[in-house]
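Colleague: Starting from these lines, generate the structure:
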Amino acid sequence: MNVELRHARIVMAIDCAGSISKAAVELNLPQSSLTAQLHRIEKAIGGELFVRSRSGVLPTSRGERLLPLLADLVHQADLVIAEASAFSSEVFRFGNAEWTPPSLRMVLQEALPVGEVRSETLAPAAAVAAVRGGALNAALVPSMALVAPADVLEPALAKTVIVREPVWLAVPRGHPLADRVGVGVADLAGLTWVRYARDHWFHPIEKHLFAKFDHADPEVLHYVDGHHEAMNWVRDAGAAALTTPTGATKEVALVPLSGTASTEMLLVWRTDSLARGTLRSLVDTVRRYYCEYARTIPRYWAWIAQHPESFAELRPFLSEAAADAV
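Modeller: The predicted model follows:
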(Lines give C-alpha, C1' and ligand atoms only; values in the text may rest on other atoms or scores of the structure.)
Protein backbone atom coordinates (compact mmCIF):
# COMPACT_ATOMS: atom_id res chain seq x y z
CA MET A 1 0.00 0.00 0.00
CA ASN A 2 1.33 3.42 -1.00
CA VAL A 3 0.69 6.50 1.13
CA GLU A 4 -1.69 8.76 -0.80
CA LEU A 5 -3.02 12.26 -0.32
CA ARG A 6 -6.31 10.92 1.11
CA HIS A 7 -4.30 9.05 3.74
CA ALA A 8 -2.50 12.25 4.70
CA ARG A 9 -5.85 14.03 5.07
CA ILE A 10 -7.15 11.25 7.31
CA VAL A 11 -4.08 11.43 9.57
CA MET A 12 -4.29 15.22 9.80
CA ALA A 13 -8.00 15.07 10.61
CA ILE A 14 -7.24 12.71 13.52
CA ASP A 15 -4.38 14.89 14.74
CA CYS A 16 -6.44 18.10 14.57
CA ALA A 17 -9.48 16.50 16.26
CA GLY A 18 -7.38 14.93 19.00
CA SER A 19 -9.33 11.67 18.93
CA ILE A 20 -10.44 9.04 16.43
CA SER A 21 -14.09 9.36 17.45
CA LYS A 22 -14.17 13.13 16.86
CA ALA A 23 -12.34 12.77 13.55
CA ALA A 24 -14.83 10.10 12.46
CA VAL A 25 -17.69 12.54 13.05
CA GLU A 26 -15.93 15.29 11.08
CA LEU A 27 -15.16 12.91 8.21
CA ASN A 28 -18.65 11.39 8.33
CA LEU A 29 -17.23 7.88 8.71
CA PRO A 30 -17.99 5.06 11.16
CA GLN A 31 -15.37 5.01 13.91
CA SER A 32 -14.54 1.38 13.15
CA SER A 33 -13.89 2.25 9.50
CA LEU A 34 -11.60 5.15 10.40
CA THR A 35 -9.71 3.00 12.91
CA ALA A 36 -9.20 0.32 10.25
CA GLN A 37 -7.93 2.89 7.75
CA LEU A 38 -5.51 4.30 10.31
CA HIS A 39 -4.16 0.78 10.99
CA ARG A 40 -3.55 0.29 7.25
CA ILE A 41 -1.80 3.66 6.98
CA GLU A 42 0.42 2.91 9.98
CA LYS A 43 1.27 -0.50 8.54
CA ALA A 44 2.29 1.14 5.26
CA ILE A 45 4.67 3.58 6.96
CA GLY A 46 6.11 0.98 9.32
CA GLY A 47 4.80 1.96 12.74
CA GLU A 48 2.22 3.72 14.87
CA LEU A 49 1.58 7.43 14.46
CA PHE A 50 -0.53 7.87 17.59
CA VAL A 51 -0.75 6.60 21.14
CA ARG A 52 -4.39 5.85 22.01
CA SER A 53 -5.91 6.59 25.42
CA ARG A 54 -9.34 7.21 26.92
CA SER A 55 -8.84 10.95 26.54
CA GLY A 56 -7.86 10.78 22.86
CA VAL A 57 -4.66 10.39 20.85
CA LEU A 58 -1.15 11.85 21.02
CA PRO A 59 1.63 11.56 18.41
CA THR A 60 4.27 8.90 18.92
CA SER A 61 7.91 9.80 18.28
CA ARG A 62 7.39 8.52 14.73
CA GLY A 63 4.27 10.66 14.50
CA GLU A 64 6.10 13.76 15.67
CA ARG A 65 8.54 13.31 12.76
CA LEU A 66 5.99 12.41 10.08
CA LEU A 67 2.95 14.55 10.94
CA PRO A 68 4.61 17.82 9.81
CA LEU A 69 5.52 16.17 6.49
CA LEU A 70 1.97 14.92 5.99
CA ALA A 71 0.60 18.36 6.90
CA ASP A 72 2.88 19.92 4.29
CA LEU A 73 1.69 17.37 1.72
CA VAL A 74 -1.94 18.39 2.37
CA HIS A 75 -1.04 22.10 2.22
CA GLN A 76 0.84 21.75 -1.07
CA ALA A 77 -2.02 19.76 -2.58
CA ASP A 78 -4.47 22.48 -1.55
CA LEU A 79 -2.27 25.09 -3.24
CA VAL A 80 -2.26 23.06 -6.46
CA ILE A 81 -6.06 22.72 -6.32
CA ALA A 82 -6.48 26.44 -5.66
CA GLU A 83 -4.11 27.35 -8.50
CA ALA A 84 -5.97 25.14 -10.93
CA SER A 85 -9.47 26.16 -9.83
CA ALA A 86 -8.69 29.87 -10.00
CA PHE A 87 -8.75 29.70 -13.78
CA SER A 88 -12.04 27.81 -13.97
CA SER A 89 -14.01 29.56 -11.22
CA GLU A 90 -17.01 31.46 -12.55
CA VAL A 91 -17.77 33.70 -9.55
CA PHE A 92 -15.42 35.64 -7.27
CA ARG A 93 -17.16 36.91 -4.12
CA PHE A 94 -15.60 39.99 -2.56
CA GLY A 95 -16.59 41.63 0.74
CA ASN A 96 -15.95 45.11 2.08
CA ALA A 97 -16.95 47.28 5.03
CA GLU A 98 -18.68 50.59 4.15
CA TRP A 99 -16.25 51.51 1.36
CA THR A 100 -17.52 49.72 -1.78
CA PRO A 101 -17.67 52.10 -4.77
CA PRO A 102 -19.28 50.52 -7.86
CA SER A 103 -16.11 51.16 -9.84
CA LEU A 104 -14.14 48.90 -7.45
CA ARG A 105 -16.17 45.90 -8.54
CA MET A 106 -15.64 46.91 -12.16
CA VAL A 107 -11.84 47.03 -11.91
CA LEU A 108 -11.78 43.69 -10.07
CA GLN A 109 -13.91 42.22 -12.86
CA GLU A 110 -11.36 43.38 -15.44
CA ALA A 111 -8.31 42.24 -13.49
CA LEU A 112 -9.24 38.78 -12.17
CA PRO A 113 -9.43 35.54 -14.21
CA VAL A 114 -13.06 34.87 -13.27
CA GLY A 115 -16.37 35.01 -15.05
CA GLU A 116 -18.09 37.34 -12.59
CA VAL A 117 -17.22 39.40 -9.52
CA ARG A 118 -19.93 39.81 -6.89
CA SER A 119 -19.36 42.32 -4.09
CA GLU A 120 -21.01 42.69 -0.71
CA THR A 121 -20.81 45.31 2.03
CA LEU A 122 -20.93 43.94 5.58
CA ALA A 123 -19.46 44.42 9.04
CA PRO A 124 -15.79 43.43 9.47
CA ALA A 125 -16.48 40.52 11.82
CA ALA A 126 -19.15 39.21 9.47
CA ALA A 127 -16.76 39.57 6.52
CA VAL A 128 -14.05 37.56 8.29
CA ALA A 129 -16.60 34.89 9.20
CA ALA A 130 -17.81 34.74 5.59
CA VAL A 131 -14.25 34.30 4.31
CA ARG A 132 -13.59 31.65 6.95
CA GLY A 133 -16.72 29.76 5.95
CA GLY A 134 -16.13 30.03 2.21
CA ALA A 135 -19.06 32.37 1.45
CA LEU A 136 -16.53 35.03 0.33
CA ASN A 137 -13.27 34.51 -1.54
CA ALA A 138 -11.70 37.61 0.03
CA ALA A 139 -12.65 40.74 1.95
CA LEU A 140 -11.31 44.16 2.91
CA VAL A 141 -11.42 44.54 6.69
CA PRO A 142 -10.58 47.73 8.63
CA SER A 143 -8.58 47.35 11.82
CA MET A 144 -6.38 49.19 14.28
CA ALA A 145 -4.02 46.51 15.54
CA LEU A 146 -3.37 48.12 18.93
CA VAL A 147 -7.07 48.74 19.62
CA ALA A 148 -9.29 46.18 17.87
CA PRO A 149 -7.23 43.70 15.82
CA ALA A 150 -9.06 41.82 13.10
CA ASP A 151 -9.80 38.24 14.12
CA VAL A 152 -7.80 36.57 11.36
CA LEU A 153 -4.89 35.07 13.30
CA GLU A 154 -5.58 31.41 12.50
CA PRO A 155 -4.05 28.89 10.08
CA ALA A 156 -7.05 28.86 7.72
CA LEU A 157 -6.85 32.62 7.04
CA ALA A 158 -4.18 34.93 5.70
CA LYS A 159 -4.00 38.72 5.56
CA THR A 160 -1.97 41.55 4.11
CA VAL A 161 -2.13 45.32 4.62
CA ILE A 162 -3.49 47.15 1.59
CA VAL A 163 -3.00 50.63 3.05
CA ARG A 164 -2.74 52.40 6.39
CA GLU A 165 -5.33 55.18 6.56
CA PRO A 166 -5.06 58.15 8.94
CA VAL A 167 -8.02 59.26 11.05
CA TRP A 168 -8.99 62.86 10.29
CA LEU A 169 -11.49 65.44 11.50
CA ALA A 170 -14.68 66.07 9.49
CA VAL A 171 -16.41 69.43 9.95
CA PRO A 172 -19.07 71.32 7.96
CA ARG A 173 -17.93 73.42 5.02
CA GLY A 174 -17.48 76.99 6.23
CA HIS A 175 -16.56 75.87 9.75
CA PRO A 176 -13.70 77.91 11.31
CA LEU A 177 -11.47 74.81 11.19
CA ALA A 178 -12.40 73.79 7.64
CA ASP A 179 -9.56 75.61 5.88
CA ARG A 180 -6.85 74.81 8.40
CA VAL A 181 -3.78 72.92 7.16
CA GLY A 182 -4.12 70.76 10.25
CA VAL A 183 -5.60 70.78 13.73
CA GLY A 184 -4.28 69.70 17.10
CA VAL A 185 -5.82 68.39 20.28
CA ALA A 186 -6.47 71.89 21.64
CA ASP A 187 -8.65 72.69 18.60
CA LEU A 188 -11.08 69.88 19.54
CA ALA A 189 -12.25 71.59 22.71
CA GLY A 190 -15.75 73.00 22.41
CA LEU A 191 -16.77 70.97 19.35
CA THR A 192 -20.07 69.15 19.30
CA TRP A 193 -19.74 65.61 18.00
CA VAL A 194 -21.42 62.70 16.37
CA ARG A 195 -19.91 59.43 17.52
CA TYR A 196 -20.20 55.80 16.47
CA ALA A 197 -22.52 53.23 18.01
CA ARG A 198 -20.91 50.82 20.44
CA ASP A 199 -21.29 47.84 18.10
CA HIS A 200 -19.75 49.65 15.13
CA TRP A 201 -16.19 48.67 14.16
CA PHE A 202 -14.97 52.28 14.36
CA HIS A 203 -16.20 52.78 17.96
CA PRO A 204 -13.16 51.29 19.79
CA ILE A 205 -10.82 53.24 17.51
CA GLU A 206 -12.70 56.46 18.19
CA LYS A 207 -12.82 55.73 21.93
CA HIS A 208 -9.06 55.11 21.98
CA LEU A 209 -8.34 58.37 20.18
CA PHE A 210 -10.62 60.50 22.37
CA ALA A 211 -8.89 59.08 25.45
CA LYS A 212 -5.49 59.73 23.84
CA PHE A 213 -6.54 63.34 23.17
CA ASP A 214 -7.65 63.69 26.83
CA HIS A 215 -11.08 64.38 25.44
CA ALA A 216 -12.93 61.31 26.68
CA ASP A 217 -16.34 62.89 27.40
CA PRO A 218 -17.26 65.34 24.60
CA GLU A 219 -20.74 66.71 23.92
CA VAL A 220 -22.44 64.20 21.59
CA LEU A 221 -25.50 64.94 19.46
CA HIS A 222 -26.04 61.43 18.11
CA TYR A 223 -24.50 57.97 17.83
CA VAL A 224 -24.35 56.81 14.20
CA ASP A 225 -24.15 53.40 12.55
CA GLY A 226 -21.73 54.25 9.75
CA HIS A 227 -19.45 56.82 8.17
CA HIS A 228 -21.99 58.18 5.69
CA GLU A 229 -24.62 58.70 8.39
CA ALA A 230 -21.94 60.52 10.39
CA MET A 231 -21.16 62.75 7.42
CA ASN A 232 -24.86 63.61 7.04
CA TRP A 233 -24.91 64.80 10.66
CA VAL A 234 -21.74 66.81 10.08
CA ARG A 235 -23.27 68.45 7.02
CA ASP A 236 -26.81 69.05 8.32
CA ALA A 237 -26.36 69.48 12.09
CA GLY A 238 -23.02 71.31 12.15
CA ALA A 239 -21.34 68.56 14.18
CA ALA A 240 -17.78 67.25 14.05
CA ALA A 241 -16.76 63.61 13.56
CA LEU A 242 -13.68 61.46 13.33
CA THR A 243 -13.38 59.48 10.11
CA THR A 244 -10.98 57.87 7.70
CA PRO A 245 -10.65 59.87 4.45
CA THR A 246 -12.44 57.15 2.47
CA GLY A 247 -15.33 57.36 4.95
CA ALA A 248 -15.95 61.05 4.21
CA THR A 249 -18.27 62.53 1.60
CA LYS A 250 -17.69 65.54 -0.64
CA GLU A 251 -20.26 67.63 1.27
CA VAL A 252 -17.98 67.97 4.34
CA ALA A 253 -14.51 69.39 4.93
CA LEU A 254 -11.68 67.03 5.92
CA VAL A 255 -8.88 68.37 8.11
CA PRO A 256 -5.68 66.44 9.00
CA LEU A 257 -5.51 65.73 12.72
CA SER A 258 -2.12 65.78 14.43
CA GLY A 259 -1.34 63.15 17.02
CA THR A 260 -3.78 60.69 15.50
CA ALA A 261 -3.13 57.09 14.51
CA SER A 262 -3.71 55.03 11.39
CA THR A 263 -6.18 52.27 10.72
CA GLU A 264 -5.18 49.30 8.61
CA MET A 265 -7.17 48.24 5.58
CA LEU A 266 -6.53 44.48 5.51
CA LEU A 267 -7.18 42.05 2.70
CA VAL A 268 -8.25 38.72 4.20
CA TRP A 269 -8.51 35.40 2.36
CA ARG A 270 -8.49 31.67 3.01
CA THR A 271 -5.01 30.21 2.61
CA ASP A 272 -6.33 27.40 0.42
CA SER A 273 -8.68 29.40 -1.81
CA LEU A 274 -6.61 31.77 -3.97
CA ALA A 275 -3.96 30.96 -6.53
CA ARG A 276 -0.74 32.93 -6.18
CA GLY A 277 -1.27 34.76 -9.45
CA THR A 278 -4.85 35.63 -8.59
CA LEU A 279 -3.83 36.87 -5.14
CA ARG A 280 -1.05 39.05 -6.56
CA SER A 281 -3.44 40.53 -9.12
CA LEU A 282 -6.06 41.13 -6.43
CA VAL A 283 -3.65 42.93 -4.08
CA ASP A 284 -2.17 45.08 -6.85
CA THR A 285 -5.58 45.96 -8.26
CA VAL A 286 -7.00 47.08 -4.90
CA ARG A 287 -3.91 49.15 -4.07
CA ARG A 288 -3.87 50.80 -7.50
CA TYR A 289 -7.59 51.50 -7.24
CA TYR A 290 -7.12 53.00 -3.77
CA CYS A 291 -4.65 55.50 -5.22
CA GLU A 292 -7.09 56.46 -7.96
CA TYR A 293 -9.92 56.84 -5.45
CA ALA A 294 -7.75 58.93 -3.09
CA ARG A 295 -7.26 61.46 -5.91
CA THR A 296 -10.99 62.25 -5.72
CA ILE A 297 -10.88 63.15 -2.01
CA PRO A 298 -10.05 66.84 -1.43
CA ARG A 299 -6.72 67.34 0.36
CA TYR A 300 -6.10 63.63 0.82
CA TRP A 301 -4.12 62.92 -2.36
CA ALA A 302 -1.84 65.89 -1.70
CA TRP A 303 -1.31 64.56 1.84
CA ILE A 304 -0.34 61.13 0.52
CA ALA A 305 2.10 62.69 -1.93
CA GLN A 306 3.68 64.74 0.88
CA HIS A 307 3.92 61.77 3.27
CA PRO A 308 4.93 58.77 1.15
CA GLU A 309 6.69 57.18 4.14
CA SER A 310 3.27 56.59 5.71
CA PHE A 311 1.99 54.75 2.63
CA ALA A 312 4.72 52.19 1.96
CA GLU A 313 2.29 49.63 0.54
CA LEU A 314 1.15 52.13 -2.12
CA ARG A 315 4.62 53.23 -3.21
CA PRO A 316 4.71 51.28 -6.52
CA PHE A 317 1.39 52.83 -7.54
CA LEU A 318 1.81 56.44 -6.41
CA SER A 319 3.89 57.40 -9.42
CA GLU A 320 1.38 55.73 -11.74
CA ALA A 321 -1.51 57.73 -10.30
CA ALA A 322 0.52 60.95 -10.38
CA ALA A 323 1.41 60.37 -14.03
CA ASP A 324 -2.23 59.72 -14.92
CA ALA A 325 -3.16 63.01 -13.26
CA VAL A 326 -0.81 65.00 -15.52
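Colleague: Under a three-state scheme, what state does residue 3 occupy?
Modeller: Reducing the assignment to helix, strand or coil with DSSP: H, G, I helix; E, B strand; the rest coil, the entry for residue 3 is coil.
Colleague: what's the closest non-adjacent residue to it?
Modeller: Spatial nearest neighbour of residue 3, excluding adjacent residues (Cβ to Cβ, 6 or more residues apart in numbering): residue 44 at 5.7 Å. (C-beta placed from N, C-alpha, C; glycine too.)
Colleague: So the one you found belongs to a helix, correct?
Modeller: Yes: counting by three-state DSSP, residue 44 is part of a helix.
Colleague: Just give me the neighbour total for it.
Modeller: 12 (other Cβ atoms under 10 Å).
Colleague: I figured it hits residue 2, correct?
Modeller: Yes: the pair formed by residue 44 and residue 2 meets the contact definition of Cβ atoms under 8 Å, at 7.1 Å.
Colleague: Specify the next element, helix or strand, located C-terminal of the biggest helix by length in the chain.
Modeller: The helix spanning the most residues in the chain, taking DSSP state H as the definition, is helix 61-85. Tracing the chain C-terminally past helix 61-85 and defining elements by DSSP states H and E, one meets strand 91-96 next.
Colleague: how far out from the middle of the chain is that next one?
Modeller: The gap between the average C-alpha position of strand 91-96 and the chain average comes to 12 Å, counting by Cα atoms, centre = their mean, to the nearest Å.
Colleague: what do you get for stretch 208-218?
Modeller: Between the centre of stretch 208-218 and the centre of its chain there are 27 Å (Cα atoms, centre = their mean).
Colleague: likewise stretch 171-182?
Modeller: 32 Å.
Colleague: And for stretch 305-325?
Modeller: Between the centre of stretch 305-325 and the centre of its host chain there is 22 Å, according to Cα atoms, centre = their mean.
Colleague: Stretch 118-131 now?
Modeller: Computed by Cα atoms, centre = their mean, the separation of stretch 118-131 from the middle of its chain amounts to 9 Å.
Colleague: can you check stretch 229-236 too?
Modeller: Chain-centre distance of stretch 229-236: 27 Å, with Cα atoms, centre = their mean.
Colleague: Just the buried positions in that stretch, please.
Modeller: Across stretch 229-236, burial judged by 16 or more other Cβ atoms under 10 Å covers 229, 230, 231, 232, 233, 234, 235.
Colleague: swap in stretch 158-170?
Modeller: Of the residues in stretch 158-170, those buried under the neighbour-count criterion (16+ other Cβ under 10 Å) are 158, 159, 162, 163, 164, 165, 166, 167, 168, 169, 170.
Colleague: Just the element for the last one, please.
Modeller: Translated: residue 170. strand 168-172.
Colleague: Give the partner strands of that strand in its sheet and their orientations.
Modeller: strand 241-243 (antiparallel), strand 252-255 (antiparallel) (DSSP bridges).
Colleague: Which strands and helices lie in contact with the helix or strand following the longest one?
Modeller: Right, the one you point to is strand 252-255. Proceeding N to C from strand 252-255, the next assigned helix or strand is strand 262-270, under DSSP H and E. Applying 3 or more Cβ pairs under 8 Å, 6 or more residues apart in numbering; DSSP states H and E, one finds that strand 262-270 makes contact with helix 124-133, strand 138-143, strand 157-166, helix 276-294.
Colleague: mean confidence score for strand 262-270?
Modeller: Throughout strand 262-270, pLDDT has a mean value of 90.
Colleague: Likewise for stretch 60-77?
Modeller: If you average the pLDDT over stretch 60-77, you get 89.
Colleague: What of stretch 116-125?
Modeller: Across stretch 116-125, pLDDT averages out at 90.
Colleague: Residue 295 touches residue 301, doesn't it?
Modeller: Yes: under the contact definition of Cβ under 8 Å, residue 295 touches residue 301, with a separation of 4.6 Å.
Colleague: For stretch 35-45, which residues meet the burial criterion?
Modeller: Judged by neighbour count using 16+ other Cβ under 10 Å, the buried positions of stretch 35-45 are 35, 37, 38, 41, 42, 45.
Colleague: Greatest separation within the residues you listed: which pair is it?
Modeller: 35 and 45 (16.2 Å; Cβ to Cβ).
Colleague: Pull up the gap between residue 262 and residue 59, please.
Modeller: In this structure, residue 262 lies at 43 Å from residue 59, with Cβ to Cβ, to the nearest Å as the measure.
Colleague: scratch that, residue 39 is what I was asking about
Modeller: For residue 39, the distance to residue 59 (Cβ to Cβ) stands at 16 Å.
Colleague: circling back: now the buried residues of stretch 35-45 as TSV including pLDDT?
Modeller: Converted to TSV, the buried residues of stretch 35-45 look like this (pLDDT from 0 to 100):
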residue	pLDDT
35	90
37	90
38	92
41	91
42	90
45	89
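Colleague: Looking at those residues, which is nearest residue 115?
Modeller: The closest of these, once distances to residue 115 are taken by Cβ to Cβ, is residue 37, at 38.2 Å.
Colleague: Noted, bye for now.
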